[in-house]
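Visitor: Compute the structure for the input listed below.
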Amino acid sequence: MTALPTAPSSVRIDAWLWAIRAYKTRSAATAACRAGHVRLNGNPAKASQTVVAGDTIRVRQPGYERILEVRRLIAKRVGAEAASHCFTDHTPERPPMPALGLPQRDRGAGRPTKKDRREMDRLRGLQ
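Guide: Reported below is the predicted structural model:
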């Protein structure tokens with residue numbers, strides 16, 4: 001296990017989300033806070049708000065919402081295994097994606113006709 005650096009007394013929420021690998025970059029975490037996708041203890045969070053151990057953070061991501069509880073403060077990005085010790089994930093399990101049941105074209109059948117493409121788009125819900 002990778003050793004974690006000593007815990008700072010306070011950490012900005014955008015820096016903490018970046019450090020635990022919820023976002024790829026700190027600027028992406030800041031943009032998510034500005035857009036209202038991050039809530040701290042039920043209230044919309046500004047990027048500069050500080051977090052403490054025991055806080056609940058809700059992060060809205062495409063298709064679902066992550067619910068994270070702060071266990072330990074870190075300000076620097078660490079390995080994924082070490083970062084996982086800094087939070088508890090209370091996110092409910094996502095339901096499985098429904099199978100679309102799209103028909104498969106026979107190998108060597110050539111390109112789809114205009115009619116075939118319209119039918120495929122209709123099945124996918126694009127039309």
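
Visitor: got any ranges where this structure has weak pLDDT?
Guide: 1-6, 98-103, 127 (pLDDT under 70).

Visitor: Let's see that with 90 instead.
Guide: Applying pLDDT under 90 to the chain flags residues 1-10, 61-64, 75, 78, 92-113, 116-117, 119-127.

Visitor: top helix in it by residue count?
Guide: Of all the segments of type helix in the chain, defined by DSSP state H, the longest one is helix 114-124.

Visitor: Report the distance from that helix to the chain centre.
Guide: Here helix 114-124 is found 32 Å from its chain centre; the criterion is CA atoms, centre = their mean, to the nearest Å.

Visitor: Can you name every helix or strand that it contacts?
Guide: The contact analysis (3 or more CB pairs under 8 Å, 6 or more residues apart in numbering; DSSP states H and E) places helix 114-124 against no helix or strand. Every C-beta, even on glycine, is put in place using the N, C-alpha and C of the backbone.

Visitor: Would you mind measuring from the nearest residue to Arg94 once chain neighbours are set aside to Pro92?
Guide: With sequence-adjacent residues excluded and distances taken as CB to CB, 6 or more residues apart in numbering, Arg94 is closest to Tyr64, at 5.5 Å. Going from Tyr64 to Pro92 by CB to CB, to the nearest Å gives 9 Å.

Visitor: And Arg66, by the same measure?
Guide: Computed with CB to CB, the distance linking Arg66 and Pro92 is 10 Å.
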